[in-house]
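# Dropping a prediction and its sequence here:
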Amino acid sequence: QVQLVESGGGLVQAGGSLRLSCAVAGSIFSIDRMAWYRQAPGKQRELVAGITSGGSTNYADSVKGRFAISRDSAKNTMFLQMNSLKPEDTAVYYCSAAVVASPRASIFDYWGQGTQVTVSS
């Protein structure tokens, strides 16, 4: 079994910073792409940032220049450094990882339980 556990969410004032972490635990052979998504009340879940196993990254236009995604492959952990936060960044943030659990297993997308980020104006 594979579990993703997020941490680091909370309440912050506009202009502040937060750092989210996502730890992948369990039966892991390899991890391919990892990503952060977010879902605000009444809105669809959207991609915030993604990172490949090779370190290539992509970002939603709304967070470019403010957020930075990174990963520590040795520790199966991903991070999202969020700076210059805005009230519109308020959402539940989810991490996702494409994991191969064993040498003969297929790749499968796993999701964390989500962590709340609230930015006050």
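That came through, no problem. No experiment lies behind these values; they were computed from the predicted model shown. Numbers count the residues shown, from 1 in each chain.
# Strands along the protein, start to end?
Secondary structure of the chain (DSSP state E): strands located at 2-7, 10-13, 18-26, 30-39, 46-51, 57-59, 67-72, 77-82, 91-100, 107-111, 115-120.
# from memory residue 58 sits against residue 50, does it?
Yes: the pair residue 58 / residue 50 is scored as a contact, 5.2 Å apart, by Cβ atoms under 8 Å. C-betas here are computed from N, CA, C, even on glycine.
# Tell me which of these two has more neighbours.
More crowded of residue 58 and residue 50, by other Cβ atoms under 10 Å: residue 50, with 18 against 13.
# Name the residues linked to the closest residue in space to the more buried one that isn't next to it in sequence by a beta bridge.
In this structure, residue 50 finds its nearest non-sequential neighbour in residue 35, 3.9 Å apart by Cβ to Cβ, 6 or more residues apart in numbering. Using DSSP bridges, the bridge partners assigned to residue 35 are residue 50, residue 96.
# do the same with residue 22
Note on residue 22: beta-bridge partners residue 6, residue 78, judged by DSSP bridges.
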